[in-house]
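Asker: Sequence first, then the predicted structure, then my questions.
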Amino acid sequence: MSAAEKATRLLAFFHDSLSFFAIKDIERQGAKSTGINSMQIKDVLQCLIDDGLVRCEKIGSGNYYWSFPSDASRSRALKFETMRKKVEAANENVTLLEEKLQFETAARQKTDEREALLRDVDAKQSKLSALQAAISKYSDCDPELLESQQNALTLAKEAVNRWTDNIFLVIGYFRDQGTDIQMVYQEFGIPEDLDSVS
């Protein structure tokens with residue numbers, strides 16, 4: 001039985017009984033009614049209390065637990081009311097911001113100075129675009145691009161030299177076995193001037 005199913009069964013036990021219980025009564029009657037092991041009842045009960053589905057009150061020397069079906073609906077109603085108030089507050093905030101935007105837009109006057117500044121901004125943006133287009137012509141000389149190409153070339157050289165060393169190791173193995181080296185070169189298509197790259 002999953003934890004959710006145990007919680008549902010124990011909550012149904014409270015709702016069906018419409019009464020309050022001490023922990024011993026819940027362990028005895030709840031275990032019999034729900035099929036939950038009496039050792040697990042406390043854990044399930046604590047989960048229900050933490051979720052606000054079961055209430056606990058200390059009366060005298062003992063704790064008493066209860067949950068009525070109306071508690072769940074009241075809890076849902078409270079949550080709904082809280083969310084409704086948040087939505088109303090958000091809507092009011094949106095209305096205020098829209099009014100402020102309209103006010104600021106209306107208050108903005110078209111002056112000669114403002115028009116001159118806007119034309120200046122447009123001119124500078126056009127100039128910036130032209131400069132960026134001119135710079136892009138020289139992208140082959142970009143220092144970052146050249147550095148990345150140099151790094152790629154270094155890695156390629158290291159790989160070539162590693163494979164060249166491996167080939168020489170294989171040739172050395174064949175030489176040690178008494179094999180004709182010229183035949184090895186011919187069979188594997190190895191150029192005789194093979195050497196490491198500096």
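Answerer: Perfect, I can see it now. What you see is a predicted model, and the numbers here were worked out from it, not measured in a lab.

Asker: May I see the buried residues of the helix or strand encompassing Leu101?
Answerer: Element membership of Leu101, judged by DSSP states H and E, is helix 69-107. For helix 69-107, the buried set under the neighbour-count rule, 16 or more other C-beta atoms under 10 Å, comprises Asp71. Just so you know, the C-beta spots here come from the backbone N, C-alpha and C atoms, and that holds for glycine as well.

Asker: Distance from the helix or strand hosting Thr154 to the middle of the chain?
Answerer: Secondary structure from DSSP H and E places Thr154 in helix 143-176. A distance of 41 Å separates the centroid of the chain from that of helix 143-176, by C-alpha atoms, centre = their mean, to the nearest Å.

Asker: Just the buried positions in that helix, please.
Answerer: Those would be Ile171, Phe174, for helix 143-176 by 16+ other C-beta under 10 Å.

Asker: What is the subsequent helix or strand relative to that helix?
Answerer: Later in the chain than helix 143-176, the nearest helix or strand by DSSP H and E is helix 181-188.

Asker: the bottom helix or strand of this structure by mean pLDDT?
Answerer: Among the helices and strands of the chain, helix 31-34 carries the lowest confidence by mean pLDDT, DSSP states H and E, at a mean of 82.

Asker: quick check, distance from that helix to the centre of its chain.
Answerer: A distance of 42 Å separates the centroid of the chain from that of helix 31-34, by C-alpha atoms, centre = their mean.

Asker: For it, name the packing helices and strands.
Answerer: Using 3 or more C-beta pairs under 8 Å, 6 or more residues apart in numbering; DSSP states H and E as the contact test, the elements touching helix 31-34 are helix 3-17.

Asker: and the helix it packs on, which residues are buried?
Answerer: Applying 16+ other C-beta under 10 Å to helix 3-17 flags Lys6, Ala7, Thr8, Arg9, Leu10, Leu11, Phe13, Phe14, His15, Ser17 as buried.

Asker: Would you confirm that the fourth one contacts Asn37?
Answerer: By that I understand Arg9. No: taking C-beta atoms under 8 Å as the definition, Arg9 is not a contact partner of Asn37, at 11.9 Å.

Asker: in the least confident helix or strand of the chain, what's buried?
Answerer: Within helix 31-34, the residues scored as buried using 16+ other C-beta under 10 Å are Ala31, Thr34.

Asker: Endpoints of stretch 52-68, how far apart?
Answerer: With C-alpha to C-alpha, to the nearest Å applied, stretch 52-68 spans 12 Å between its terminal residues.

Asker: repeat for stretch 60-79
Answerer: Stretch 60-79 has an end-to-end distance of 32 Å (C-alpha to C-alpha).

Asker: Give me the contacts around it.
Answerer: By C-beta atoms under 8 Å, 6 or more residues apart in numbering, the residues outside stretch 60-79 that reach it are 11, 14-15, 18-23, 26, 45, 48-49, 52-58.

Asker: Please repeat the previous calculation with a cut-off of 7 Å.
Answerer: The contact list for stretch 60-79 (C-beta atoms under 7 Å, 6 or more residues apart in numbering) reads 11, 14-15, 18-23, 26, 45, 52-57.

Asker: Keeping just the C-alphas, turn the following helix or strand past the least confident helix or strand of the chain into PDB.
Answerer: Following helix 31-34 in sequence order, the next helix or strand is helix 41-50 (DSSP H and E). The C-alpha coordinates for helix 41-50 follow below in PDB (Å, rounded to 0.1, in the frame of the first residue of the first chain):
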ATOM      1  CA  ILE A  41      -0.300   4.600  12.000                       C
ATOM      2  CA  LYS A  42       1.700   7.400  13.800                       C
ATOM      3  CA  ASP A  43       3.800   8.200  10.700                       C
ATOM      4  CA  VAL A  44       0.700   8.400   8.500                       C
ATOM      5  CA  LEU A  45      -1.200  10.500  11.100                       C
ATOM      6  CA  GLN A  46       1.800  12.900  11.400                       C
ATOM      7  CA  CYS A  47       1.700  13.400   7.600                       C
ATOM      8  CA  LEU A  48      -2.000  14.200   7.800                       C
ATOM      9  CA  ILE A  49      -1.400  16.700  10.600                       C
ATOM     10  CA  ASP A  50       1.400  18.300   8.700                       C
END
